[in-house]
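1. compute the structure for the input listed below.
(2 chains, ligands or ions: 1)
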Amino acid sequence: MSVNSEIIQAVKDEFGEGMVYAVDRKERRIVLTVKRNILKKLCKFLKEKLEFDHLTSIAAVDRSGLVNGMIESRLLYYDDYEMVYHTWSHSKKTLVEIKVAVPKKNPSAPSITDVWSTANWQEREAFDLMGVKFSGHPDLRRILMPEWWKGHPLRKDYEMSPGKWFLSDEDEKEEYVLDNQKPVFPLDQKLAENVKTEQISEMILRIGPVHPGNHGPWLINLKLDGEVIVDLDTQIGYQHRGLEKIAENRTWTQYLPLSDRYCWLTALSNNLSYVLAVEDILDVEAPARAQYLRTIMLELNRLASHLLWLAAMGIDLGNLSGFFYTFREREWMLDLLEMAAGNRLNYNYGRFGGVTFDVDDKFVKKAKTTMKIFRARLQEYIDLYDGSSIFHARTKGVGTITAKAAKDLGVTGPLLRCTGVKADARKDDPYAAYPELDFKIPTRKNGDVYASYEVRMDEMQISSEIIDQALDNLPKGPVQSNLGRIEPVGEAISRIEEPRGEIATYVIGDGNDKPYRVRVRCAEYINVSALGHMSRGYKIADLIAIIGGIDPCLGGMDR
Amino acid sequence: MSADGSQTHVIFTKKDELLEVAQDEKKRKSFLAKVKRPAEYLINWGVKSSLWMYAWGLACCAIEMMAFGAARWDSDRYGIIARGTPRQADLMIVNGPITYMMAPRVKRLFNQMPQPRYVIAMGECAINGGPFWDSYSIVKGADKIIPVDVYIPGCPVNPEALLDGIIKLQDKILKGELAS
Ligand code: SF4
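-> The predicted model follows:
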């Protein structure tokens, strides 16, 4: 029996044949439709008995306008809103999609935060943008939109633009009325009790929204006891551009360049994750050469992104020369990407069923020499960073997270791998040309900032080797397939390993020229939600190192 | 030589003439009128050659701004040094979309900069909302909030284009035609 049918059988045995409508969509994808009242039990069952230890994303869908594209399961439990949960098993390597119908009038669903803690921010997002209430959620408030915002933008009946908007001098005085949410500290009682000092003198410190250590505009409210962080509350949304809503107002192809802009450092992964989801619905595959080109570009993008992380880490920890060195190599990567895609940051490289441009021999030659020099330079960086005892002192044993907590908090990418979990979508849920290439997944045990540094350094080495391999095996042939006008009907989710973790795009098409719903789960958003867990008990100065280790990218956090 | 090319020499012939000028109100006024233009020119020249930019990041274009400060373009050659606080900066480069939530902050940061201060709108987003023009949360351009001196189109703006924009701003500073 295949993995999929085993899982379906186990679920049906537990809950009864009639309670669950299961669809075995394809390899590594299962869809379960259930009623609201057994949602929580099902989640618990999946997590505890079937080892679905990672919650990928929670999507709220307003289906009131959907005509086509109804898979049969929907006929069973139909309502205007729908909550879609995606959960992934690191051991079974399968993604289960759980669908729950929710009425439009007073929409609510049971909160699953006590099953997977990572659901916390995701449910807050669904509440903010779609207005779904979650019973039992510990801290249900807006997250991406300011507190004073009216309405829930992702609903289909929401008016898109509030029109002209100016700010006069008088408005500035109202700033605190405008956007100051009161911090709510998810105070970890135990830790507060454990704080060693006799007299706890609490102080609230606000870091941000614009602060050099934040890597972009977001606000961190710290509750301090002396220098020790007792608790922490983050406020994000300063860069929320509403891309998920914009998607519904663009055609399928018009949205391609916008999907680059979730996170500008990992533009290619974002773009391809959207492309892969649409390709999945259309059931097409890109030609072999395009698959290889995607792989090469994804890895180049990973190198560029990791180099920027290293540069920012250098600035944060007082190693300014690191910034100048790493940017030198980053420019080479960008040169290569520009040569292939025509842009330095937002490449717009993916196409449904292929890629935009082919590369020539000149590119191949240049990429090979670059990789050769780069590997030598990588050693220089290790000397530059690792050779400094200050760097060791500031990163070792700081921001430690255990594998169990990391999985529970939904953390992905180098941050998860540095705790010893070998999870990488490139291997587990392969796409592009990765299944045909031979590479290793580096891991570490300690789970601190230094371990994540080591993982990323190893990844850079491996990425450059992957590029070499792919260049050697680059097949000949076309790079695009002619699909004509596309109007996909159906839904799909794609997973990609971006430099910071897992990005998943969930797309619904209803046979129109525009996507019905695009939902993105960005790694940064979830990783940052674990910041509180990682930094409690450490000092303020450590916080900067921890943020550097998380490598936040505002675009991915706020979308 | 003054900005418009006319000769303005200020030469003291007598030993204590400067003291005389300082004490006599009439003489002082005529002296100041004479030196005003070259002095302005000199100050503007000084300002344009040491534009300290505020190092912050909003979106994609911020990364290109970082690249502009790094080894290949090396903004230091133009006297542009990145500062971590607006209170030490003359130049604010708005490098991304401004959301309604961020807008009061941007205005406040601008107000924190000492005068003379300059603003460059870098990229489509800062010009008019760019690719997110019809979003529910985006301000349609930085100039709705703060006065903008130079607009640089591009998505993203290349470091070369940013350099070009900065040279344009320097020209403007020298000529004294500015928005704020
Ligand atoms: S103009 Fe383009 S590249 Fe620049 S911030 Fe806006 S979307 Fe990003």
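2. for the ligand, what's its nearest residue on the stretch 151-300 of chain A.
-> Residue nearest to the ligand within the stretch 151-300 of chain A: residue A:261 (5.1 Å; C-beta to the nearest ligand atom). Just so you know, the C-beta spots here come from the backbone N, C-alpha and C atoms, and that holds for glycine as well.
3. where exactly do the strands run in chain B?
-> For chain B, the strands defined by DSSP state E occupy B:52-54, B:81-83, B:91-94, B:118-122, B:150-152.
4. nearest to residue B:44, of those?
-> Proximity to residue B:44 (C-beta to C-beta) singles out strand B:118-122 among the strands of chain B, at 11.7 Å.
5. give me the helices and strands touching the longest helix along chain A, please.
-> Assignment by DSSP state H gives helix A:288-316 as the longest helix of chain A. Using 3 or more C-beta pairs under 8 Å, 6 or more residues apart in numbering or on different chains; DSSP states H and E, the elements in contact with helix A:288-316 are helix A:267-282, helix A:320-341, strand A:354-355, helix A:361-386, helix A:449-472, strand A:489-498, helix A:540-550, helix B:60-69.
6. okay if I get these as TSV plus mean neighbour count and distance to residue B:23?
-> Output for these, formatted as TSV (neighbours: other C-beta atoms under 10 Å in any protein chain shown; distance: least, C-beta to C-beta, whole Å):
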stretch	mean neighbour count	distance to residue B:23
helix A:267-282	27	68
helix A:320-341	20	52
strand A:354-355	25	79
helix A:361-386	15	62
helix A:449-472	21	67
strand A:489-498	24	73
helix A:540-550	22	58
helix B:60-69	24	49
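7. let's have those in JSON lines, adding mean pLDDT and distance to residue B:164.
-> Conversion of the helices and strands packed on helix A:288-316 to JSON lines gives the following (pLDDT from 0 to 100; distance: least, C-beta to C-beta, whole Å):
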{"stretch": "helix A:267-282", "mean pLDDT": "89", "distance to residue B:164": "24"}
{"stretch": "helix A:320-341", "mean pLDDT": "86", "distance to residue B:164": "18"}
{"stretch": "strand A:354-355", "mean pLDDT": "86", "distance to residue B:164": "31"}
{"stretch": "helix A:361-386", "mean pLDDT": "87", "distance to residue B:164": "27"}
{"stretch": "helix A:449-472", "mean pLDDT": "89", "distance to residue B:164": "33"}
{"stretch": "strand A:489-498", "mean pLDDT": "87", "distance to residue B:164": "33"}
{"stretch": "helix A:540-550", "mean pLDDT": "87", "distance to residue B:164": "33"}
{"stretch": "helix B:60-69", "mean pLDDT": "86", "distance to residue B:164": "11"}
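8. okay if I get the ones you listed as JSON lines plus distance to the ligand?
-> Formatted as JSON lines, the helices and strands packed on helix A:288-316 follow (distance: least, C-beta to the nearest ligand atom, whole Å):
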{"stretch": "helix A:267-282", "distance to the ligand": "10"}
{"stretch": "helix A:320-341", "distance to the ligand": "14"}
{"stretch": "strand A:354-355", "distance to the ligand": "21"}
{"stretch": "helix A:361-386", "distance to the ligand": "24"}
{"stretch": "helix A:449-472", "distance to the ligand": "24"}
{"stretch": "strand A:489-498", "distance to the ligand": "17"}
{"stretch": "helix A:540-550", "distance to the ligand": "22"}
{"stretch": "helix B:60-69", "distance to the ligand": "3"}
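9. so which elements touch the longest helix seen in chain B?
-> Criterion DSSP H: the longest helix present in chain B is helix B:25-49. When contacts are defined as 3+ C-beta pairs under 8 Å, 6+ apart, helix B:25-49 sits against helix B:17-23, helix B:159-175.
10. JSON lines for the helices and strands packed on helix A:288-316, including distance to residue A:221?
-> Converted to JSON lines, the helices and strands packed on helix A:288-316 look like this (distance: least, C-beta to C-beta, whole Å):
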{"stretch": "helix A:267-282", "distance to residue A:221": "29"}
{"stretch": "helix A:320-341", "distance to residue A:221": "28"}
{"stretch": "strand A:354-355", "distance to residue A:221": "44"}
{"stretch": "helix A:361-386", "distance to residue A:221": "31"}
{"stretch": "helix A:449-472", "distance to residue A:221": "22"}
{"stretch": "strand A:489-498", "distance to residue A:221": "28"}
{"stretch": "helix A:540-550", "distance to residue A:221": "12"}
{"stretch": "helix B:60-69", "distance to residue A:221": "24"}
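11. residue A:204: which of these is closest?
-> For residue A:204, the closest of these is helix A:540-550, at 12.5 Å, according to C-beta to C-beta.
12. tell me the contacts of residue A:287?
-> For residue A:287, the contacting residues are A:353, A:354, A:477, A:478, A:479, A:480, A:481, by C-beta atoms under 8 Å, 6 or more residues apart in numbering or on different chains.
13. so the spatially closest residue to the fourth one that is not a sequence neighbour versus chain B, what's the distance?
-> What it means is residue A:478. Nearest non-adjacent residue to residue A:478, counting by C-beta to C-beta, 6 or more residues apart in numbering or on different chains: residue A:287, 5.2 Å away. Counting by C-beta to the nearest C-beta, to the nearest Å, the separation of residue A:287 from chain B is 29 Å.
14. circling back to that earlier point, pLDDT on the longest helix of chain A, on average?
-> When pLDDT is averaged along helix A:288-316, the result is 89.
15. residue contacts, the most centrally placed residue in chain B?
-> In chain B, the C-alpha nearest the mean C-alpha coordinate belongs to residue B:118, at 3.2 Å (C-alpha atoms, centre = their mean). With contact set as C-beta under 8 Å, 6+ apart, residue B:118 has these partners: B:51, B:90, B:91, B:92, B:149, B:150, B:169, B:173, B:178, B:180.
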